[in-house]
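> Take this sequence and fold it.
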Amino acid sequence: MTDIELAKQWITEKQQANRPADFEDTASDALDELIQEDPSRAFKIVHTIVQHADDEKVLASLGAGPLEDLINSDLAAQFIDDILEHARQDKNWRFALGCVWPSETKSKETYKKVTDAIKLYFPNGTP
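Predicted coordinates for the structure are as follows:
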């Protein structure tokens, strides 16, 4: 599956309401695996999802899922400045970032950058 196909399938999975309990989130599982095995590719797919997402439910799932996982990973430092720059320029990125729950246990610097950005964009709390 190409990156764009994976991104679009991920969006489709998140848009499906009333999924059966045994529904398989194939694209979600693939993206979760990429975050561990190929975080650079995972970041590109997250970016593609943000570009193609057209509703807040999808962006919230992205923020509280894959984006949060990237930000809370050991490799967050290589992505955080790009994430914050995208959030500065794009409302979808800002919304997704606002749904992240950053972890203090990894990088104190990354934690501070993320929490400062969320406070700047959402002074009354998350989106």
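
> Go ahead and confirm residue 1 touches residue 8.
No: when contacts are counted by C-beta atoms under 8 Å, residue 1 is not listed as touching residue 8 (9.7 Å). Using the backbone N, CA and C atoms, a C-beta is placed for each residue, glycine as well.

> what about this protein, any weak spots by pLDDT?
Applying pLDDT under 70 to the chain flags residues 17-23, 105.

> Taking the centroid of it, which residue is nearest it?
residue 67 (2.3 Å; C-alpha atoms, centre = their mean).

> check which helix or strand covers residue 43.
Taking DSSP states H and E as the criterion, residue 43 maps to helix 39-52.

> now do residue 116
According to DSSP H and E, residue 116 maps onto helix 108-121.

> Dump the C-alpha coordinates for that helix into CSV.
Only the C-alpha atoms of helix 108-121 are listed here, as CSV (Å, rounded to 0.1, in the frame of the first residue of the first chain):
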residue,chain,number,x,y,z
LYS,A,108,11.3,17.7,28.9
GLU,A,109,12.2,20.0,26.0
THR,A,110,9.6,18.4,23.7
TYR,A,111,7.0,18.4,26.4
LYS,A,112,7.5,22.1,27.0
LYS,A,113,7.4,23.0,23.3
VAL,A,114,4.2,21.0,22.8
THR,A,115,2.4,22.3,26.0
ASP,A,116,3.5,25.9,25.2
ALA,A,117,2.1,25.6,21.6
ILE,A,118,-1.2,24.1,22.9
LYS,A,119,-1.6,26.9,25.4
LEU,A,120,-0.9,29.5,22.7
TYR,A,121,-3.4,28.0,20.2
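
> list the buried ones in that helix?
By neighbour count on 16 or more other C-beta atoms under 10 Å, the buried set for helix 108-121 is 110, 111, 113, 114, 117, 118, 121.

> same check, this time on stretch 91-107
For stretch 91-107, the neighbour count (16+ other C-beta under 10 Å) marks 92, 93, 94, 95, 96, 97, 98, 99, 100, 102, 106, 107 as buried.

> where do the helices sit along the protein?
Assigned by DSSP state H, the helices in the chain fall at 3-15, 26-37, 39-52, 56-62, 68-71, 80-89, 91-98, 108-121.
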